[in-house]
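K.L.:
build me a model:
(2 chains)
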Amino acid sequence: MTRTDAPTKERSAVRSLLRLWPYVRPVRTRLLCAAFVAVLASCLGLVIPLVLKWIVDGPVADRDPGGVWLGALYLLLLGLTEAALFGLRRWLVARPLAGVEAAMRGDLYRHLQRLPVAFHDRWPSGQLLSRGTTDLMLLRMFLAFPLTFLLVNGVTILVGFVILLQQQWSLGLVLLAPVIPLVMLCHVFESKYSLVARRSQDQVGDLTTVVEESVLGIRVIKGFGRHRSQAHAFRELSLTLRGTELTKARLLAWIWAVITALPELAVGAALVLGTVQVADGDLSAGTLVAFLSTALALRWPVESIGFLLAVSQDAATATERYFEVMDAREEAQGDTPQPKSPPPTPAPSPSTPSPSAPPRDGIVFDGVEFRYPDAHDDAPPVLAHIDLHVRPGETMALVGATGSGKTTLTTLVPRLHEVTGGRITLDGQDITAIPRERLRELVSVAFEEPTLFSASVGENVLMGAGDGDGEAALGRALDTAQAGFVHRLPQGTATQVGEQGLSLSGGQRQRLALARAVVGRPRFLVLDDPLSALDVHTEALVEAALRRVLADTTALVVAHRPSTVLLADRVALLSGGRIAAVGTHQELLHSSDEYAWLMSGTRASGAVSEKGDTA
Amino acid sequence: MTTTADGRADGREDGQAGADSGPAPKPQAHAQAQREPAAGSADVAGAGNAAAPKTATQTTAGTAAAAGARNAGDTRGAGAGTDGGGRGGDPFDRDALPAARGATGALLRSLLRPRRGRVVVATLILLLQQAAVQAGPLLVAYAIDRGVPALRRGDFGPLIIVAAGYLLCSVGAGLLQYAFIRLAARVNQDVLLDLRGRIFRHAQALSVDFHERYTSGRLISRSTTDVESLRQLLSEGLQELIGVILSSVYICALLLYLDVGIGGLAVLSFVPLYLLIRRYRRRVSVIFGKRSTAIAAVIVKFAETMNGIRPVRAFRRERANDAQFHALNHRHERTNGDGLLEMAQYVVGSRLVANTAVAGMVLWGAYQVADGSLELGVLAASVLYLRRLYDPIDRLGMFLNSYQSAAASLEKIAGLLAQVPSVREPAEPRELPPLDGGGPGREVVFDGVSFSYRTGGEVLPRFSLTLPAGQTVAVVGSTGAGKSTLAKLLARFYDPTEGRVLLDGTDLRDLAVPELRRGVVMVTQEAFLFSGTVAENIAIGRPDATREDIEQAAKAIGAHDFISGLPEGYDTDVRKRGGRISAGQRQLVAFARALLADPAVLILDEATSSLDVPGERAVQRAMDTVLRGRTAVVIAHRLSTVEIADRVLVMEHGRIVEDGSPADLIRGTGHFADLHRAWRDSLA
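P.N.:
Below is the predicted model:
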């Protein structure tokens, strides 16, 4: 059955599915056994009608009640064996397949954690999640059922028809007749249906987007009173979806009609013919009964082929989706440091540079260029040519207009993004030569968006610490970040926060993120606008404490405001993808118009038009 | 909202100083977090009969989603337990909101009632269809017992009847099947359309305080996965169940008609089958509960890691995460396997019963035929029926799974729909009085207003306040002082517990939404961008605005330059390639919206936090020019904003402790003078 129906896309589906082999390999014995058991059970099912025939033509025809007992006993034994085999098959595959699913999910998670941040920028986490859940469950089900049953049903159909033809070839041919058109129709249906199904999935996606946005943007919608237009958009989309679903139903309706009617017609024809033959004495009544019973037993295997192929197709798609992500290249030196093409200099230990290492030299940006991998080719790079030297122990503020690339620049130091040109060195060592683990140990970061994980406050902060650091370090870090509020939380530092815990305000989260950045007393510190969500009082307190931390740390601090700039020894002005000026706050205020404008906002350089009465 | 205990509010009191600035925007992917895509609920075996290639994604997605989501709720509950019970009593920490008993059934009935006619017709069609399908073996019996002897006599009559009957039945069954599927699909889709619309409209109507407590992820999963699991039940499960029940009843009746003994045995066999099903349901629901808790934990961990990938990387969490994830994943693997094994048990049990019954009936029948008290054709027909009778028992297990998850989903949806918006649309809306020519601003009066959470946590004690038309008022104070609550009362995100808020003498509660938003617009800290172009995002302020208006607004706020610099300028899709927009730029877009909306009263709630100084200046300039004469309420950490204010309110613990012109307050000795000095120092 499968072979006659194998179209070209089936071949590529097979190729996709073959990629599952490494995961299936460990459980191949069980899987094969299960398939064998299933074939056995299926064939047993085909023997049952033969026993019936034997009963009808033997003891029944001979009016031998004793023989009937024997027949019934055979039936019972067959039935019990069948049930046992059914169970055995499921038992054989249950644990291993759950294991395959889990192994694939574990690998996916492991892999995703080590893919470049640029990858995550491109892929919405929902897409990744659906691969880790729906797609993998689909694959497990495929392995559990369609894979086995394509084989099993193929064999069953073959054996069944051999039995049928051998019993009475003319009747067998009559029954066989609808199989070919049925399979062809199923195929036509499948190609049509998969198009509509795909369309419907996309529309569900669009609908979901509207739902998500109207929930996430509820304040905007309410603030501007736009429920009606949202509701309208939603209604349009859900009406479209309903239309598609009805189209789907129409397709389903006709294929089901055909599937119901065609085999039934064949059985009817076989019955009429068979009756004539029984009347003519060419056929025993028992054979006719067995025959019809066998035909009935074969209905589901035949009907199922189309369905099984469709599931296989979906499984192939799921496999493709899974490997789409798995094929993405991990960051080199992610987990186990592996030699890169430029021979790496041995990494110095973080706290005490080995004597052979170059002297402490701070952070040096040397002709650094960066463009996002998904940027248009003709778009100018975000960072064109950055030359900047942050001296050891120095705190450098990074100032630039909105959207000038400050945040982007900060992600380059811990290699969250890779420079596309030039190089960055830490104490003279090219960051690409330092294993990532070590690099990120050396460089601590506080991001603009302070993310907390579902863990206790203490755990969240201590993520930034070395192995030896405990309560003392935690307390110190919390003090620095003025995060004393944690002691008033229900469980103090043991309070659960994050997605599954207490939700904290932006300012509170920002302070914890800051504490996390400083807790390990890193040699290099990168802070992205670390005080934006704090009120004036807290800001002043944090600043005072931070100054102490920053005294012996080499730091790069993105600043929007004079108050943050004051943390720094010097300031670098980022403009047009370059460092336009470096100097102290006062120097730059005098020497750079742009800087003065950014800091005071008073010397508008004509870029902002002020007219425009929109009313 | 309901009278639900508000542990969360207590949380705000002692832990959540930031209640004021609203909850942190939850990452979008949380939407998925509670999705439990049918972990093995259905070994597809169940879909057995389905020749029709139902796409497997459809078959799987969300079957057990509901159960999953519910247990995501349980996880939260457990979490609450460990963190000290402060949140334990809040129903909002669970997934299912309380609904009146029977609300689920009422919801289902209210969905089906308008389609009563179609439901009845569909049921009739299904009855007929099953009759046509089950007629086959009867014809077999007739053919063997009547047709054969008649043929031997040379009488073709019975044979022609059999042929015609079979033709009629098979074609009829096909056509009826067609009609039923289309009709049922129509009913299902209408129900789903109705339900989706209800959830959406209701969620939109619910007030901001609801949204602040019921996380976006849960709301999204209500309208996606929960609806999906109902869809599943309606489109596949229900039809199948009715089919299974109908055919069982038919077949039992026919068997009884053919032979009382055989029929009786068939009916009897349903007793152990029923017990088996009950046992399976009971056991599997426990396992499913554990399993969906397990998968929910996996999903939460997964989503959290991917959303926070930068800190994960920067703080080298990969290996620790691997270990944690492995543990969670393994727990899911175990329960998943348990579920599959349970299914295996059920299948073995039901098969045993079925096959034993078949053997018994064949024995009985054959014995009688041998005796001569039963005709051979009857035995044949009975045997054929028996095969059909027990065919669907495997499927029943599958159906039970999807039924359980759909029931759980419906319950949660019913709970959501039972929430009453605390901010209601007026029954008889009034219009604002025409502007009196003095300027575009309107007067705002807080008249004896106080605000408390439902459980009594008082945020704003009773106060009165008048903001004259055209005045720019800055509100300052530490986090938690009640600034945002004041703003939200004015924007009618909340209604005051007592007293009223008046706009040019009209109670806000009497204004219809469009009228209200011509009067008051609020720009918040989270500048959310909807998918679509930049221009469309600005046009949210005024949907009928021309491109020129939009550009004017952008220019006025200093956003024109960066927008022009985007790959496709104003037509750049903010979610597509190259549409990378920084936090500060988003806030500028949000401002452009507000300019375009051109309200009489503008509220800025921390709306400049991510702007740099020039951005902030541009906003101030715009307020001084484009928005001149509007009444404005500005909440800001930065005191620079205060410079443009005519008046400053200093709030502390929900009270206005200082009120005056900036100059006066700076000269004074109060809080504001202190704050201002600190700020001045920071600029030095």
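K.L.:
three-state assignment of residue A:573?
P.N.:
Here residue A:573 is recorded as strand under DSSP: H, G, I helix; E, B strand; the rest coil.
K.L.:
gap between it and chain B?
P.N.:
Distance, residue A:573 to chain B, using C-beta to the nearest C-beta, to the nearest Å: 12 Å. Where C-beta positions appear, they are placed from N, C-alpha and C, glycine not excepted.
K.L.:
so residue B:650 belongs to a helix, correct?
P.N.:
No - assessed with three-state DSSP, residue B:650 is strand; it does not lie in a helix.
K.L.:
identify the residue nearest it in space, chain neighbours excluded?
P.N.:
Of all residues not flanking residue B:650 in the chain, residue B:658 sits nearest, at 3.8 Å (C-beta to C-beta, 6 or more residues apart in numbering or on different chains).
K.L.:
domain-wise, how is chain A divided?
P.N.:
Here the domain assignment for chain A is A:7-168+A:316-328, A:363-600, based on automatic domain parsing.
K.L.:
and residue B:637, what does it touch?
P.N.:
Shown in contact with residue B:637 (C-beta atoms under 8 Å, 6 or more residues apart in numbering or on different chains): A:533, A:534, A:535, A:536, A:539, B:606, B:609.
K.L.:
among the domains of chain A, which is nearest residue B:460?
P.N.:
Checking the domains of chain A against residue B:460 by C-beta to C-beta gives domain A:363-600 as the closest, at 18.1 Å.
K.L.:
for that closest one, the distance to its chain's centre please.
P.N.:
29 Å (C-alpha atoms, centre = their mean, to the nearest Å).
K.L.:
that older thread, pull the most distant pair out of the contacts of residue B:637.
P.N.:
Spanning the widest gap among the contacts of residue B:637 are A:539 and B:606, at 14.1 Å by C-beta to C-beta.
K.L.:
what's the neighbour count on residue 114?
P.N.:
Defaulting to chain A. Counted with other C-beta atoms under 10 Å in any protein chain shown, residues neighbouring residue A:114 total 20.
K.L.:
oops, chain B please
P.N.:
So residue B:114, with other C-beta under 10 Å, has 12 neighbours.
K.L.:
dump the residue contacts of the nearest residue to residue B:162 once chain neighbours are set aside.
P.N.:
Spatially, and ignoring its direct neighbours in sequence, residue B:162 is nearest to residue B:143 (4.7 Å; C-beta to C-beta, 6+ apart). By C-beta under 8 Å, 6+ apart, the contact set of residue B:143 is A:271, A:272, A:274, A:275, B:158, B:159, B:162, B:377.
K.L.:
so which strand or helix has residue B:252?
P.N.:
helix B:239-258 (DSSP states H and E).
K.L.:
please name the residues that touch residue A:244.
P.N.:
Residue A:244 makes contacts with A:196, A:199, A:200, A:203, as judged by C-beta under 8 Å, 6+ apart.
K.L.:
what helix or strand is the nearest residue to the first one once chain neighbours are set aside located in?
P.N.:
Nearest in space to residue A:196, with sequence neighbours left out and distances taken as C-beta to C-beta, 6+ apart, is residue A:248 at 5.0 Å. Residue A:248 is located in helix A:227-280, with elements delineated by DSSP H and E.
K.L.:
what count of nearby residues applies to the closest residue to chain B within the stretch 501-615 of chain A?
P.N.:
Distances from the stretch 501-615 of chain A to chain B, computed as C-beta to the nearest C-beta, single out residue A:505 as the nearest residue at 1.5 Å. Residues within reach of residue A:505, counting by other C-beta under 10 Å, total 22.
K.L.:
distance of it relative to residue B:489?
P.N.:
Residue A:505 sits 19 Å away from residue B:489, going by C-beta to C-beta, to the nearest Å.
K.L.:
may I see the contacts of residue B:143 arranged in a markdown table, with pLDDT and distance to residue B:668 as well?
P.N.:
Output for those, formatted as a markdown table (pLDDT from 0 to 100; distance: C-beta to C-beta, whole Å):
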| residue | pLDDT | distance to residue B:668 |
| --- | --- | --- |
| A:271 | 87 | 104 |
| A:272 | 89 | 107 |
| A:274 | 87 | 108 |
| A:275 | 87 | 110 |
| B:158 | 87 | 111 |
| B:159 | 88 | 111 |
| B:162 | 88 | 106 |
| B:377 | 79 | 108 |
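K.L.:
please pick the buried ones from the residues you listed.
P.N.:
A:271, A:272, A:274, A:275, B:158, B:159, B:162, B:377 (16 or more other C-beta atoms under 10 Å in any protein chain shown).
K.L.:
pLDDT below threshold where in chain B?
P.N.:
For chain B, residues meeting the criterion pLDDT under 70 lie at B:1-100, B:215-217, B:394-395, B:397-398, B:437-438, B:454-456, B:479-480, B:575-580, B:681-684.
K.L.:
quick one, strands of it?
P.N.:
In chain B, strands defined by DSSP state E lie at B:444-452, B:458-467, B:472-476, B:498-503, B:506-507, B:520-523, B:601-605, B:631-635, B:647-652, B:655-660, listed in chain order.
K.L.:
out of those strands, the one nearest residue A:255 is which?
P.N.:
Judging the strands of chain B by C-beta to C-beta, what sits closest to residue A:255 is strand B:520-523, at 53.8 Å.
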